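> Generate a structure from the sequence data that follows.
(2 chains)
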Amino acid sequence: AQSVAQPEDQVNVAEGNPLTVKCTYSVSGNPYLFWYVQYPNRGLQFLLKYITGDNLVKGSYGFEAEFNKSQTSFHLKKPSALVSDSALYFCAVRDGGSSASKIIFGSGTRLSIRP
Amino acid sequence: GAVVSQHPSWVICKSGTSVKIECRSLDFQATTMFWYRQFPKQSLMLMATSNEGSKATYEQGVEKDKFLINHASLTLSTLTVTSAHPEDSSFYICSVPIRDQSYYFGPGTRLTVL
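Numbering: from 1, shown residues only, chains lettered A, B, ... in the order given. This is a model prediction of the structure:
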């Protein structure tokens, strides 16, 4: 089965500094990877996805992620953090070859940006 | 605007009662929908896959008689928590896959069982 791992429960960054939220994956076949963000008591908002193509994927709110096949990683990055980026971030992988396949989430990483 | 809605957004009920949560796909038809639950400060755990026109597929460890799923139409799936107990208190979120390989999520329903 497909899975993703987020090794950090919490990441703390000063505003204006670059941020990285880590994710590694384990898949058989081609990986379909996603990043979502969740604000308190809210649903999930889509940030970006990797299906195929360029290893650097650009997404919403200035976020990007780098797909690294040799390291089986899909880390989320942003060059300059904002206080408003503070939220819970989930890496996810599609489990199956169909566009209607379920997606499986990592454990989540809480990002805290201090002013 | 939102493409997936959930109703209600929050509900408080007494132990032993049943609660129905609706998930609607607003802009497109969905033969498949997913139901997740999320405990405080934890990840989303997939409960079941709702299939229009057939039975839902439940994940291991999820009681199908406890969590009834009905995919009534191509735009509506319902999750009924039967005989709810305090341990069922959670945040329930539905998701709809769309053609561009993405998934939209509903805003979630917070269930509190007293």
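
> Can you list the residue ranges for helices in chain A?
Read by DSSP state H, chain A holds no helices at all.

> From the centroid of it, which residue is nearest?
A centroid search over chain A (CA atoms, centre = their mean) returns A:Trp35, at 3.4 Å, as the residue closest to the centre.

> and if you look at chain B?
In chain B, the residue lying closest to the centroid (CA atoms, centre = their mean) is B:Trp35, at 3.9 Å.

> mind listing what that one touches?
B:23, B:46-50, B:67, B:69, B:77, B:79, B:92-95 (CB atoms under 8 Å, 6 or more residues apart in numbering or on different chains). Yep, even glycine has a C-beta here, placed from its N, CA and C like the rest.

> Can you give me the separation between it and chain A?
With distances taken as CB to the nearest CB, to the nearest Å, B:Trp35 is found 10 Å from chain A.

> likewise B:Gln42?
The gap separating B:Gln42 from chain A is 7 Å, by CB to the nearest CB.

> wait, that residue sits on A:Phe105?
No - using CB atoms under 8 Å, B:Gln42 makes no contact with A:Phe105, being 10.0 Å away.

> Going by how many neighbours each has, rank these two and give me the top one.
A:Phe105 (22 against 14; other CB atoms under 10 Å in any protein chain shown).

> Quick one: residues contacting that one.
A:Val4, A:Tyr36, A:Phe90, A:Cys91, A:Ala92, B:Ser43, B:Leu44, B:Met45 are the contacts of A:Phe105 under CB under 8 Å, 6+ apart.

> please redo it, this time with the cut-off set to 10 Å
Contact partners of A:Phe105, counting by CB atoms under 10 Å, 6 or more residues apart in numbering or on different chains, are A:3-4, A:6, A:34, A:36, A:44, A:90-93, B:36, B:38, B:42-46.

> What is the burial count for the closest residue to A:Ser101 other than its chain neighbours?
Excluding the flanking residues, the one nearest A:Ser101 by CB to CB, 6 or more residues apart in numbering or on different chains is A:Arg94, at 5.2 Å. As a burial measure, A:Arg94 scores 24 neighbours (other CB under 10 Å).

> ok, what's across the strand from A:Arg94?
Beta-bridge partners for A:Arg94, by DSSP bridges, are A:Ile103.

> what's the spacing between it and A:Leu111?
Using CB to CB, to the nearest Å, we find A:Arg94 at a distance of 23 Å from A:Leu111.

> now the residue sitting furthest away from the middle of chain B: how far from B:Thr82?
Largest separation from the mean C-alpha position in chain B: B:Asp100, at 22.2 Å (CA atoms, centre = their mean). According to CB to CB, B:Asp100 and B:Thr82 sit 36 Å apart.

> Now stretch B:36-46: buried residues?
B:Tyr36, B:Arg37, B:Gln38, B:Ser43, B:Leu44, B:Met45, B:Leu46 (16 or more other CB atoms under 10 Å in any protein chain shown).

> count of residues packed around the residue nearest to A:Asn55 when sequence neighbours are not counted?
Here the nearest residue to A:Asn55 in space, its sequence neighbours aside, is A:Phe67; by CB to CB, 6+ apart that works out to 4.5 Å. For A:Phe67, the neighbour count with other CB under 10 Å is 20.

> Also the one 4 residues further on?
As a burial measure, the neighbour count of A:Gln71 was computed by other CB under 10 Å and equals 11.

> Mind giving me the packing neighbours of the helix or strand of chain B at the bottom of the mean pLDDT ranking?
Within chain B, confidence by mean pLDDT, DSSP states H and E is lowest for strand B:103-105 among all helices and strands, at a mean of 89. Judged by 3 or more CB pairs under 10 Å, 6 or more residues apart in numbering or on different chains; DSSP states H and E, strand B:103-105 is in contact with strand A:33-38, strand A:44-50, strand B:4-7, strand B:32-38, strand B:90-97.
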